[in-house]
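1. build the 3D model from these lines:
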Amino acid sequence: MTVYKPKDQARLLKDIAGGRFIAVLVYGADRGGVAELAERIARTHAGDPPQEVETITLDEATLKDDPGRLADEARALSMFGSRRLVRLRDAGDAAVSALEGLADLSPGDTLILITTGALKPTSRLRRLFEKGETFAAAPVYEDSARDIQRLIRETLEKEGLTAEPDALLALSQILGADRALSRMELEKLTLYCHGKNTVTLEDVRAICGDAAAHTLPDMMDACFTGDFAATTRLFAAITAEGTHPSALLAATASHLNRLKALALQVASGERPEEVVRRAQPPIFFARRDAMIRQLRLWPVERLEQAARAVLKAMEESRTRPEELANAIVERCLLSLAVQARRAGQ
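-> Numbering: from 1, shown residues only. Take a look at the predicted model:
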């Protein structure tokens, strides 16, 4: 089994530099994280010092129209005598037959780099890469609260900055659904704080004000407390800013996981107020009342049903054009908001 988990990424890059693989699959719900790792792989394949790389980009639709295209590109020689990179974006199980035909190839100057969203363990594409000796699978998981705080600290430290505890907590609540978007927000913040030593809560509110008004946590709170109108408004604002539908579902799944962990404590007899007060990592003070209300509206069994609905929406949206994916995600979130509203009546 050739699977490189996030903690194994340094080893993955070393093996790529050593020319071990024909193809590498990078997948996960965090589109920004997937894109970030894919770029590191592409740079590694270019060598050190970097060589000229001839890049060919394909997609699932191309393979459906021309099933042999991938094999042709994998076997082709570079027109310029350089290394080649064949990039296959948003791949699904339809790519499996094209990839199975490459089993006879030996690793060389051509690397096939495949990126896609979250894949179930039963996915044919994922299983093909996990069992192949010259294929490698590299899952990218959504950042945990600890990962987000580490990213914040590392980014600020590079600019000679530290963050006050309230500022760090506020940033942790705002960031995290997409690694690339998180980096963009932090870059704006460091530019704003240039010449300072410490980032304050006021700095975060000033530069991330628009983002804070339309943050995913705000939409999660609106959705799971049954505020149908706010869920609709925030969904429109977030998607208008360019957030991919998969990021919204990833944030919803993450919120459900955390809510379930807290709900289990309530089910054991603890008061919601105490559970929220002692939560680790801490819940931002402005969200505590909303989280207490959610724990009263969503018992464990109902949260498990919601998680199944989100998983179904993920599966449906992954194979659809972005316009339809947006509609599927919005329908899922509004359905959850309606359930919360009915539970509170």
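2. counting neighbours, what do you get for Ala120?
-> For residue 120 the amino acid is Lys, not Ala. 10 (other CB atoms under 10 Å). C-beta: built from backbone N, CA, C; applies to glycine.
3. sorry, slip of the keys, the one I care about is Leu70.
-> Leu70 has 25 nearby residues by other CB under 10 Å.
4. tell me which element it falls in.
-> According to DSSP states H and E, Leu70 maps onto helix 69-75.
5. partner strands of whichever helix or strand comes after that helix, parallel or antiparallel?
-> On the C-terminal side of helix 69-75, the closest following helix or strand by DSSP H and E is strand 83-89. Strand 83-89 pairs in its sheet with strand 53-59 (parallel), strand 110-116 (parallel), by DSSP bridges.
6. what average pLDDT does stretch 216-225 get?
-> Averaging pLDDT along stretch 216-225 yields 90.
7. only alpha carbons, please: show it as CSV.
-> C-alpha atoms of stretch 216-225 as CSV (Å, rounded to 0.1, in the frame of the first residue of the first chain):
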residue,chain,number,x,y,z
LEU,A,216,-18.4,29.9,7.6
PRO,A,217,-18.7,29.7,11.4
ASP,A,218,-21.4,32.4,11.3
MET,A,219,-23.3,30.5,8.6
MET,A,220,-22.9,27.3,10.6
ASP,A,221,-24.4,29.0,13.7
ALA,A,222,-27.3,30.4,11.6
CYS,A,223,-28.0,27.1,10.0
PHE,A,224,-27.9,24.9,13.1
THR,A,225,-30.0,27.4,15.2
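8. what about the strands in the chain?
-> 23-27, 53-59, 83-89, 110-116, 135-139, 162-163, 198-199 (DSSP state E).
9. mind putting those into JSON lines with distance to Ile148 and mean neighbour count?
-> Shown next, in JSON lines, are those (distance: least, CB to CB, whole Å; neighbours: other CB atoms under 10 Å):
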{"stretch": "strand 23-27", "distance to Ile148": "20", "mean neighbour count": "25"}
{"stretch": "strand 53-59", "distance to Ile148": "31", "mean neighbour count": "15"}
{"stretch": "strand 83-89", "distance to Ile148": "26", "mean neighbour count": "20"}
{"stretch": "strand 110-116", "distance to Ile148": "22", "mean neighbour count": "23"}
{"stretch": "strand 135-139", "distance to Ile148": "18", "mean neighbour count": "22"}
{"stretch": "strand 162-163", "distance to Ile148": "12", "mean neighbour count": "19"}
{"stretch": "strand 198-199", "distance to Ile148": "15", "mean neighbour count": "18"}
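10. show me the one of those that comes nearest Glu274.
-> strand 162-163 (27.8 Å; CB to CB).
11. thinking again about what came up before, roughly how far out does the helix holding Leu70 sit from the chain middle?
-> The chain centroid and the centroid of helix 69-75 are separated by 29 Å, computed with CA atoms, centre = their mean, to the nearest Å.
12. picking up where we left off before, can you redo the strands of the chain as a markdown table with mean pLDDT and distance to Phe284?
-> Listed next are those as a markdown table, based on pLDDT from 0 to 100; distance: least, CB to CB, whole Å:
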| stretch | mean pLDDT | distance to Phe284 |
| --- | --- | --- |
| strand 23-27 | 93 | 31 |
| strand 53-59 | 87 | 40 |
| strand 83-89 | 89 | 36 |
| strand 110-116 | 91 | 33 |
| strand 135-139 | 92 | 29 |
| strand 162-163 | 88 | 14 |
| strand 198-199 | 90 | 16 |
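13. got a markdown table for the ones you listed, with distance to Asp221 too?
-> Listed next are the strands of the chain as a markdown table, based on distance: least, CB to CB, whole Å:
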| stretch | distance to Asp221 |
| --- | --- |
| strand 23-27 | 29 |
| strand 53-59 | 36 |
| strand 83-89 | 33 |
| strand 110-116 | 30 |
| strand 135-139 | 29 |
| strand 162-163 | 23 |
| strand 198-199 | 24 |
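14. great, nothing more from me.
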